[in-house]
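Visitor: sequence and predicted structure, then a few things I'm wondering about:
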Amino acid sequence: MRSDLNVPLEDGEVSDDFRLRSALPTLERLVASGAAVTVCSHLGRPKGVDPGLSLEVVARRMDELSDYDVRFETAGDITVLENTRFLQGETSNEPDTARQMAEGFDLFVQDAFGSVHRAHASTVGVAELIESAAGPLLDAELAALGRFLGEPDRPYTVVLGGAKVSDKLGVIENLLPRVDRMLVGGGMCFTFLSAQGMGVGRSLVQEDMLGTVCDLLEGPDAHKIVLPVDIAVGEEFSESATRHIVLASEIPDDSIGLDIGPETGAGYWELIGSSASVFWNGPMGVFEWESFRNGTEHIARAMADCDGFTVVGGGDSAAALRLLGLEGAVSHLSTGGGAGLELLEGRILPGVAVLERWVR
Ligand code: 3PG
Ligand code: MG
């Protein structure tokens, strides 16, 4: 099985095991049905072998989480292999590497939703060689996120945050025609405010995106774009910066926008609450810092309160939910970051497309 066991590490230990808890049910189901189960994944972005990115600590945490015996590189109920990216030919999907991975196995289960946007040996190459199937986590992710590309119940709202407009542009362009409203926050909102001609002080602006954002703000769906009316600013990009609330149109020249303001948070909460389908990706501010967490917290609580179909994607938004103990309070919390965004951009996911040849 290919899972996405690419989890954050801190001081050599797993600091967030959400992806491991998500991967285990499929592995356990396979063991319970009598299969000899081996799982592989990448971890981080090593260039060659890097002992700091060994899956050994991941296997250890999985063993703690599971009643089954999970072993690293030796036979257990579940055997975890070493980081696929230690193998030359993994990311370039070399036929020899894929053959080496597939050797000795009868079946391949693709359950690594977070990795299916990569055309690597462990996501595509192996599935070309031996009989393969989508696992239940992958199926559930495709079904949940896929609803936002179809005809979700309305009002249909998308909430986007995070630092860069460029990371979200594909999603904005594909979803804006479909949604009823798109709420914008996070670092990327300053490029929108700047494109509207507002002064944003020393806030993050992607100058090279201003033209594109202007086109969006003048396009046929411009009325769906909702921007902050107030901003929490600080005098510097620092955890100890003093929080001041200003109107979005009155950001002082010498300050930096670090979160959406409380009026914006309350407004977004209402719009989310009155929606029947909501997708959220990306924090509204620097939520790791307590003084600039308020906006992201508003969105997380609004998502949890909403009676509609709510899906949260991306590691930061998921971490914010977890911080507030709201992980289980949304309809679906995605294990995917980039993969979910690429799906919502309308792009073909190579790790999914390759499975079609095996559909009977
Ligand atoms: C992720 O964390 O988004 C996936 O595991 C993919 O990782 P990658 O961007 O290094 O391919
Ligand atoms: Mg165990």
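Guide: Received it, and whenever you're ready, just let me know what you need. Ligands and ions are numbered 1, 2, ... in the order given.
Visitor: hmm, who's touching the lowest-mean-pLDDT helix or strand in the chain?
Guide: The weakest-scoring helix or strand in the chain, judged by mean pLDDT, DSSP states H and E, is helix 315-323 (a mean of 90). Outside helix 315-323, the residues that touch it by C-beta atoms under 8 Å, 6 or more residues apart in numbering are 8, 16, 18, 161-162, 280-283, 287, 293, 296-297, 299-300, 303-304, 312, 327, 329-330, 333-334, 337. (Each C-beta comes from the backbone N, C-alpha and C, glycine too.)
Visitor: which of these count as buried?
Guide: 18, 161-162, 280-283, 287, 293, 296-297, 299-300, 303-304, 312, 327, 329-330, 333-334, 337 (16 or more other C-beta atoms under 10 Å).
Visitor: sorry, back to before: so which of the contacts of helix 315-323 belong to helices?
Guide: 18, 296-297, 299-300, 303-304 (DSSP state H).
Visitor: what residues does the stretch 1-150 of the chain put near ligand 2?
Guide: Contact residues, the stretch 1-150 of the chain versus ligand 2 (C-beta under 5 Å from the ion): 63, 66.
Visitor: how close does D307 sit to S275?
Guide: 9 Å (C-beta to C-beta, to the nearest Å).
Visitor: looking at the two, which one has more neighbours?
Guide: Set D307 next to S275 and count neighbours by other C-beta atoms under 10 Å: S275 wins out with 28 against 9.
Visitor: how about the nearest residue to that one, chain neighbours excluded?
Guide: Distance criterion C-beta to C-beta, 6 or more residues apart in numbering; nearest residue to S275, sequence neighbours excluded, is T157 at 4.2 Å.
Visitor: for ligand 2, what is the nearest residue in the stretch 1-150 of the chain?
Guide: D63 (4.1 Å; C-beta to the ion).
Visitor: I'd say S275 and C306 touch.
Guide: Yes. Using C-beta atoms under 8 Å, S275 is in contact with C306, at 6.4 Å.
Visitor: buried residues in the least confident helix or strand of the chain?
Guide: For helix 315-323, by 16+ other C-beta under 10 Å, it's 315-321.
Visitor: dump the residues you listed into JSON lines; add distance to ligand 2 as well.
Guide: Shown next, in JSON lines, are these (distance: C-beta to the ion, whole Å):
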{"residue": "G315", "distance to ligand 2": "26"}
{"residue": "D316", "distance to ligand 2": "30"}
{"residue": "S317", "distance to ligand 2": "30"}
{"residue": "A318", "distance to ligand 2": "24"}
{"residue": "A319", "distance to ligand 2": "26"}
{"residue": "A320", "distance to ligand 2": "30"}
{"residue": "L321", "distance to ligand 2": "27"}
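Visitor: re earlier: between the least confident helix or strand of the chain and helix 294-305, how many degrees?
Guide: 70 degrees (axes from the mean of the first three to the mean of the last three C-alpha atoms, to 10 degrees).
Visitor: am I right that M182 is in a strand?
Guide: Yes. The assignment for M182 (DSSP: H, G, I helix; E, B strand; the rest coil) places it in a strand.
Visitor: pull up the gap between it and R154, please.
Guide: Distance from M182 to R154, by C-beta to C-beta: 14 Å.
Visitor: these two: which is more packed in?
Guide: Each of M182 and R154 has its neighbours counted (other C-beta under 10 Å); M182 has more, 23 against 12.
Visitor: any idea how far G150 is from E173?
Guide: 18 Å.
Visitor: neighbour-wise, which of the two wins?
Guide: E173 (16 against 7).
Visitor: centre of the chain to the helix or strand harbouring that one, how far?
Guide: Element membership of E173, judged by DSSP states H and E, is helix 165-175. Its chain's C-alpha centre and that of helix 165-175 lie 14 Å apart, by C-alpha atoms, centre = their mean, to the nearest Å.
Visitor: just the buried residues of that helix, please?
Guide: 165, 167-169, 171-175.
Visitor: quick one: residues contacting the residue nearest to A276 when sequence neighbours are not counted.
Guide: Distances taken as C-beta to C-beta, 6+ apart place D153 nearest to A276, at 3.6 Å, with adjacent residues excluded. Counting by C-beta under 8 Å, 6+ apart, D153 touches 276-277, 308-309.
Visitor: redo those as a markdown table? Include neighbour count and distance to A23.
Guide: Output for the contacts of D153, formatted as a markdown table (neighbours: other C-beta atoms under 10 Å; distance: C-beta to C-beta, whole Å):
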| residue | neighbour count | distance to A23 |
| --- | --- | --- |
| A276 | 16 | 31 |
| S277 | 22 | 27 |
| G308 | 19 | 28 |
| F309 | 19 | 24 |
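Visitor: and of those residues, the nearest to P220?
Guide: S277 (21.4 Å; C-beta to C-beta).
Visitor: for the closest one, what are its contacts?
Guide: S277 neighbours (C-beta under 8 Å, 6+ apart): 147-148, 152-157, 308-310.
Visitor: now tabulate the buried residues of helix 165-175 in TSV and tack on distance to ligand 2 and pLDDT.
Guide: As requested, the buried residues of helix 165-175 are arranged in TSV below (distance: C-beta to the ion, whole Å; pLDDT from 0 to 100):
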residue	distance to ligand 2	pLDDT
V165	44	95
D167	37	93
K168	39	96
L169	43	95
V171	38	96
I172	43	97
E173	45	96
N174	42	97
L175	41	97
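Visitor: doesn't S255 make contact with G234?
Guide: Yes. At 6.5 Å, G234 and S255 qualify as touching, with contact defined as C-beta under 8 Å.
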